[in-house]
Structures are given as structure tokens and as C-alpha cells.
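> build me a structure from this.
(chains A and B)
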2 protein chains.
Amino acid sequence: MDSFFKVTTLTRVLEYRSLFSPLEEQTIDLADAVNRVFYQDLVAGDDLPPFSRSTMDGFAVRAASTFGASEASPAFLTVKGEVPMGRVPNVAVGPGEAARIPTGGMLPKGADAVVMIEYAEILDEGTIEVTRSVAPGAHVVQSGEDFQKGEVVLAAGRRLRAQELGLLAALGFGRVRVFRQPVVGIVSTGDEVVPIDETPGPGRIRDVNTYTLTGQVRDAGGLPVSWGIVPDRYDSLKDALTSALEGSDMVLISGGSSVGTRDYTLQVFSDLPDAEILVHGMTISPGKPTILARIGEKPVWGLPGHVVSAMVVFTAVVRPFLEHIAGLGEAFASDALRIPAQMSRNVSSAQGRVEFIRVRLRQAGGRLLAEPVLGKSGLINTMVRADGLVAVGMDEEGLDKGEAVVVIPL
Amino acid sequence: MDSFFKVTTLTRVLEYRSLFSPLEEQTIDLADAVNRVFYQDLVAGDDLPPFSRSTMDGFAVRAASTFGASEASPAFLTVKGEVPMGRVPNVAVGPGEAARIPTGGMLPKGADAVVMIEYAEILDEGTIEVTRSVAPGAHVVQSGEDFQKGEVVLAAGRRLRAQELGLLAALGFGRVRVFRQPVVGIVSTGDEVVPIDETPGPGRIRDVNTYTLTGQVRDAGGLPVSWGIVPDRYDSLKDALTSALEGSDMVLISGGSSVGTRDYTLQVFSDLPDAEILVHGMTISPGKPTILARIGEKPVWGLPGHVVSAMVVFTAVVRPFLEHIAGLGEAFASDALRIPAQMSRNVSSAQGRVEFIRVRLRQAGGRLLAEPVLGKSGLINTMVRADGLVAVGMDEEGLDKGEAVVVIPL
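Numbering: from 1, shown residues only, chains lettered A, B, ... in the order given. All right, here's what the predicted structure looks like:
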């Protein structure tokens, strides 16, 4: 077994995403679609809104009938009738005429603007006095102004937010086509690891990584499935991984950061049918002893055992792979959300690797400061205290106080 | 019915949160707890980690035995044995002695540091040559270094992230106490509103708000329940609201932004038992015609009918109320996440109200620019194109190009 580290750069690791395909589609109810990934470009079949309508309570008019109107010299208009809510108006508006219209009401024939009720005084049942001129289109949403028939209104790969649900509702889609959510198998390894409901004997430790990874997978839009704790034995790991692979789209093996364990993890990966080791060691810190294999069509990760290292590796590389197979477009991926901040103090970093520094965010005099959270990578409390991560590049020796950085939220 | 607008400021509206109580607790599985709100301060019952352990593969030593060691003048140490993974070591380390230790292994008696395997050359089975000195505590996580017994490790009101799940796992909590999620009833009103699977006839419009509000409620950690579309009639609204109130912790009535509808919405609110109208009009734009009532112990909102207005009001005021009754602490509320950016251009705004401007975010030369998305408040596409909102204060006449702003993500 070759345990020599053929260390891969972060950039190169991320390029391996192209070896894996996004999942297939499924059709779900619109009300359940928030945060799901849209499957196929949507072209508007109708104009939206389908008719021109008023955005205010007031009077539908021809704008020209109000030109020059003021408090001193109001325009007098004849009220021809009222636009009923939710129905086609049976009045038309000519020059010098008006029709009462509610918010949302359909603009009657002949009208091109709405005078707000505040600027229209009712003199008698048939006449109003308008004290302000309106421009054509004032207080009116034109038919097709939101989207026009034939326009691409929603791109594939978009994570659907509340407003996209609204858009789909407006276009009449009660069911929508989305990518299936990736199922991610999580296998915890290590003779020293005990289930969390047991009191760890001396030298043993509770299974933390299953829970941090469960949370991270769920947060990234995946469906986590725990395969429990597997002892440090070749056969046990091989059996567990084989089972996990059957029911998952991606598998995370956590633990095995000591050299011996890493070696047989690698051996198990290699011995499975149609397997290829892509990455064995990465130039990031923490998280160097990370393994990535392609087994069949699926990515399988060997993550470091330290909880902070595993969380950082998840954020920096596993999550982008998960989002890729979830169908998320680049413009909508989690790396699109980065919070600009300034370092609160100097931080040193070794060159030759990308170092991820835990930071907490703090407002100070209108600036957002990123304050390093110091502590060893085995300490979960440093992550609890952190709001995000800052990456220090391969060729940088550190970050200066006041330097502009972008924070990856945690 | 008094339809005079007793307009309330945004600040005052938010203060009304104190009239409502957070919900009761429930106990759930840790694996399901991501994004749930922690119910009660947690005090560590044990030291974490429970024992001092190595963070590297190497040799456990007394640091003093390596002082002065270098390539030129190595320290020679006697190897007394090996620390097995997951068990209490049965070796002790004295001056001039070492024990082989794996990553995660328990530090043996007498040792206070670990020499990395890279700096220890094995001369024979019983002797190593150490070529670098280590300080006491090097490559060791001390017992209690993460959290000490008796310390408050997790505060009530925290939204649980992956790392908090990890912390709870490390402390042995397979079940956790969280606030119950608020159930939010959504009632859509308006004679012109049709279900989304129907083709709207002339002058009619599909029920968009139910879906945007469903997405926003879910995104804010609530459980949305739709009560369908109710016609513009006093009795219908009263019946629907009465039913919705029974099964919900908060109710949102959307629509009714025209004066007539607003009036009878207000009338229905007032006529229910133990009701108090708290807000009837707010100094925000869009979203002025917003109604807030306390009915029994529950907040009930009358939201504007325009989709953008309703979404803005949800973000600016409804969400803070929802988070309050969900038990979310102030430090962990959504207003804690604001993205600093600079305006890409001048924007004017009327004084006397807080105006929420839709913006999209764009990287330009290391700066994050907030670019106004223009368009009427009835147009859902302006929200689809937006990444967030920027609030322009009551006393501001607008924002200047280059001005620093904070963006509320959408």
C-alpha cells in the first residue's frame, strides 16, 4: 500500500466535480418546493400580469385629461362608473372621463393611468375634481410588465426562494420539476468512538462527527443517512461502505485520520469495483488527510477524524460536490454568499496550503470585523464560537489587521 | 368604523413583540435538531474532552526531555510501549522516556506533550532520536480544554447549527429540548383571487401570496398552514380567521389592501373576542396599509395584497415576531445576518417613512455593490431579480452612490 501523500490543491479537487453528474428530476407540490433546486429553464406561457391593473385605489383616467391640473386649477372629470374587483369593467373612459377603480382592478378601455383617491375630490355622484396631473402609466402595472410570454423567467439550477414560489404560483404551476435531493451516507469509524448515549470509558470518545455532518448535509440541501459506527477493521469498513453506497448518492467516512486507519480506508476504497482514488491528501489546513474516490458513479470521501477538520473540509470541498450533484447552478451555489469583512488583527499562516481560519463577526463603528477564534482543530467549542471561515490563500503568509476578507458563513 | 390611519413607526411596531410570549418546549432527537431553537441554557456536566489526548501520530513525552534537541544534537528517548486507541494506556512516561501514541489516543501518565512522528527517528525497537524540542502541551488537547464541567456551553435561544449538534453529541445528548415551531395560518382574501391551478378570467389573478408567505414562513423556521382563499365578505373572513386562529400560533391575512377591504378586515379583527388593534398603518414603504392585532394571545396580521409589499412587510416586521415567539434570542435572530455593501448608484427616497429598496449584489473590484432593482411593488420579477433589501431610514432623503449600506438577504 502506497501511503505517500500525493497532495492535491483545493482548486484541482474542486475540478473533479465534473466527473460526477447531477441527479435526476422529480415533480413535487409547489408548497413544498422552498429551497429545492429548479430542474429546467421555465419559459412564460402567458403575459404576467395577464391584464393591466391599478396599483392604487382611485380613478382610472386618460392621463392627458389631467395635464396641467393643480390645486389652483383642478381638472373636472365625469365619473362614468366603477370598475368591479375581479371582473372585466363594463365602462370605458374617454377624454375628460374617469371610472372609480380599486387596487388590483382591471384598467378599463381607454384609460392609461390612475389618479390616487387623495388627489380626487368627489363633487357629486357624477363629477370629480383632480388636483394633480398624472403621467401615462401612473399607478398602473401594464399587462406583461412582470414577464412577457416566451421569456425565460426562471433558470434551471436556481435554489427556489419564497419569491420564486410566488412567480411559479403566478404562472399557475401547482407542481414543479426539481432535482432529487442527494442522499448522503455517513459512516463513522474508529475503535475509540462510542454512540452518544453511552458514557465513554477512558480513552474513548462520543461519535460527534455523525451529528455535525448530519447537520451540514441537511443545511446544504442533502438528506443525511447515518450508517452508525464501524470498528477499525478492513472487513467491517468494506461491508459498511458497500451497504452505504447502495442507498446513497455520496458517502462520507469520518475518522481514520491516523496513518494506519487512513491506509486501510484507502485500501477499502481501492478494492471496491470500479473505484478510482482521485485525491489522497489536500493542500488545505485543517483537513490535509482527506481522501476522495470515485466508486462507480459516486463520490466517496474519507474525512479527517477531528471534528473541526471534518467540518472545514465539508464546507470547503464536500459541500460544492453535494451542490453540484444536487443540480445547483454556479450563480446560486453557496459560494455565492460571502460576507465582506475586515480582519480585526494580524493572523499568520503557512504558505503552500490554503488555511481556513475560524472567525466571529462583530460590528464596530460601521465596519464588520472578522475576529479570529483561536484553538485546536479538535475543539468543537471553537466552531460554536465562530460565525464563519476565512480562507488564507496558498501564497499568503497571513492576513493583516484591517485587511479586507470574505467570510464563509458557518 | 374609523378608517383614519393611526400610522405607527417601524420601531414601535417591533416593540409590540413584548406583548407575546415564546412558545412551549418539546423534546426531539438530536439528528432532527438542526435549525431548531435551543430551549434552556446548557451547563456542561463533564469536562470536554474527558481526558487529555494527542492530536497527532507520534510519541508521548515529557516536554522537558526534548529541550535543546535539534538535528545536530538530538535527544535519545527510551520507548516504553504503545498507547492503544480507545483504551487507557498501561504505560507511564518518565524523564528520558516516550510512548508511541496515535491521533486521538489518551495521553499516558507522566507525559505532557507529543512529538510528531516526522521529528522522531526510530533507531531500534526501544529507542528514538528526537530532532526538535516540543513545548509542554504541544499536540495535546487537555481534558476540559473544550468546555469545563459547570460552564454554560450553549445558551437558550440559539438556533442550532451543525457545530451545536456536535457539541450536544459530545456531551451525550441524544434528545434535546427545543422550542416548538410556530404554526402560522395563511388566509388569502379577495374576490379577484383564484387558486393557482385555475386560469384567471379577465380581471382576476392567481393566489400568489399564499405561496410567497408559505416560503417565507418556512424559511423563518415556522410551519405554514394554508387556509385557502376567502371571498371579500365579512362573515367569510370572520369564519376563516376563527378557524385559522384555533390551529395556529400566528395568522397572516393577505390581500385587502384596498380601503374597503381593509375596513372590514379591521372590523373582523375588532369583533373577535379579546382582540386589540395594535397597528393600523405603518411608516414603511412598501407596506403602509399593514394591520396588526392581538387576538387572545396571538398576533394576527393584515398584510398588503401586493406581493412585493407583503414580502417586505414579512421580512421587516412579521419575521421578527415569528422569531420572537419561536424563542430565538436576539443575538441569533435573522437581523444578526446583514451583508455590508456599497450602493452602486444614487437612490432617492421620501422622508417620514422607512423605505425598503430591492437590490441585487454584485462583486466589482473587491467591493460588494448593492444595485437597486427598480420596478413597481406589484411585480414579482423585481423580487426574483433581487438578492436582498436595503432600508432607507425615516429621516434620510435617499442613498448616495458609494454609501455603505447593510443588505438584508432575501
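
> so the spatially closest residue to residue A:174 that is not a sequence neighbour, which of the three states?
Spatial nearest neighbour of residue A:174, excluding adjacent residues (CB to CB, 6 or more residues apart in numbering or on different chains): residue B:197 at 4.6 Å. Where you see a C-beta, it was placed from the backbone N, CA and C, and this is true even at glycine. Of the three states, residue B:197 takes coil under DSSP: H, G, I helix; E, B strand; the rest coil.

> before we move on, what about residue A:76?
Under three-state DSSP, residue A:76 comes out as strand.

> wait, isn't it in contact with residue A:128?
Yes. With contact defined as CB atoms under 8 Å, residue A:76 reaches residue A:128; the gap is 7.5 Å.

> tell me which of those two has more neighbours.
A direct count of neighbours by other CB atoms under 10 Å in any protein chain shown for residue A:76 and residue A:128 places residue A:128 higher, at 24 against 13.

> leaving out the residues flanking it, which one is nearest to the more buried one?
In space, and not counting its chain neighbours, residue A:128 is closest to residue A:120: 4.6 Å by CB to CB, 6+ apart.

> measure that neighbour to chain B for me?
Applying CB to the nearest CB, to the nearest Å, the value for residue A:120 to chain B is 13 Å.

> next up, the contacts around that residue.
By CB atoms under 8 Å, 6 or more residues apart in numbering or on different chains, residue A:120 lies in contact with A:58, A:59, A:98, A:128, A:129, A:130, A:131.

> anything in the host helix or strand of residue A:300 near chain B?
Using DSSP states H and E, residue A:300 maps to strand A:298-303. No. Against chain B, strand A:298-303 shows no contacts by CB under 8 Å from any CB of the partner chain, the least distance being 13.2 Å.

> who are the packing partners of that strand?
Using 3 or more CB pairs under 8 Å, 6 or more residues apart in numbering or on different chains; DSSP states H and E, the elements in contact with strand A:298-303 are helix A:234-247, strand A:250-254, helix A:259-271, strand A:291-295, helix A:307-313.

> who does that strand pair up with?
Paired strands of strand A:298-303, with direction, are strand A:250-254 (parallel), strand A:291-295 (antiparallel) (DSSP bridges).

> return the most buried member of those strands.
strand A:250-254 (a mean of 27; mean count of other CB atoms under 10 Å in any protein chain shown).

> off-centre distance for that strand?
22 Å (CA atoms, centre = their mean, to the nearest Å).

> angles on the backbone of the spatially closest residue to residue A:166 that is not a sequence neighbour, please.
Spatial nearest neighbour of residue A:166, chain neighbours left out: residue B:212 (3.8 Å); criterion: CB to CB, 6+ apart. For residue B:212, the backbone dihedrals (degrees, to the nearest 10) come out as phi -60, psi -40.

> wait, residue B:212 touches residue A:164, no?
No. The criterion here is CB under 8 Å, and residue B:212 misses it with residue A:164 at 9.2 Å.

> interface residues of the stretch 1-150 of chain A facing chain B?
Residues of the stretch 1-150 of chain A lying close to chain B by CB under 8 Å from any CB are A:30-31, A:34-35, A:48-51, A:53, A:55, A:57, A:84-89, A:102-106, A:117, A:141, A:145-147.

> quick check: end-to-end length of stretch A:328-339?
This stretch, stretch A:328-339, spans 20 Å end to end (CA to CA, to the nearest Å).

> give me the number of residues near the residue lying closest to residue A:206 once chain neighbours are set aside?
Excluding the flanking residues, the one nearest residue A:206 by CB to CB, 6+ apart is residue A:196, at 4.7 Å. Using other CB under 10 Å, residue A:196 has 21 neighbouring residues.

> residue A:196: what's it in contact with?
Neighbours of residue A:196 in contact, by CB under 8 Å, 6+ apart: A:206, A:207, A:208, A:211, B:30, B:169, B:170, B:172, B:173, B:174.

> distance-wise, check the residue nearest to residue A:348 when sequence neighbours are not counted relative to residue A:309.
Spatial nearest neighbour of residue A:348, chain neighbours left out: residue A:398 (4.0 Å); criterion: CB to CB, 6+ apart. Note on residue A:398: its distance to residue A:309, by CB to CB, to the nearest Å, is 20 Å.

> more neighbours, these two?
Of the pair residue A:398 and residue A:309, residue A:309 is the one with more neighbours under other CB under 10 Å, namely 25 against 15.

> pretty sure the more buried one contacts residue A:287?
Yes. Between residue A:309 and residue A:287 there is a contact under CB under 8 Å: 4.9 Å.

> confidence-wise, which helix or strand of chain A is lowest on average?
Least confident element among the helices and strands of chain A, by mean pLDDT, DSSP states H and E: helix A:259-271 (a mean of 83).

> low-confidence ranges in the stretch 151-300 of chain A?
A:256-262 (pLDDT under 70).

> tell me which residue in the stretch 201-350 of chain A sits closest to chain B.
Across the stretch 201-350 of chain A, no residue is closer to chain B than residue A:215, which sits at 3.1 Å (CB to the nearest CB).

> show the backbone phi and psi for the residue of chain A most remote from its centre.
The C-alpha centroid of chain A is most remote from residue A:124, which lies 56.0 Å away (CA atoms, centre = their mean). Per-residue torsions, residue A:124: phi -150, psi -170 (degrees, to the nearest 10).

> now the lengthiest strand in chain A: average pLDDT?
Identified as the longest strand of chain A according to DSSP state E is strand A:354-364. Averaging pLDDT along strand A:354-364 yields 92.

> do it and chain B meet?
No. Strand A:354-364 lies out of reach of chain B by CB under 8 Å from any CB, never closer than 8.6 Å.

> so which elements touch that strand?
Applying 3+ CB pairs under 8 Å, 6+ apart, one finds that strand A:354-364 makes contact with strand A:284-285, strand A:339-343, strand A:367-372, helix A:380-385, strand A:388-392.

> so what's the gap between the second one and the chain middle?
Think strand A:339-343. 20 Å.

> for the first one, same thing?
In terms of CA atoms, centre = their mean, the gap separating the centre of strand A:284-285 from the centre of its chain is 25 Å.
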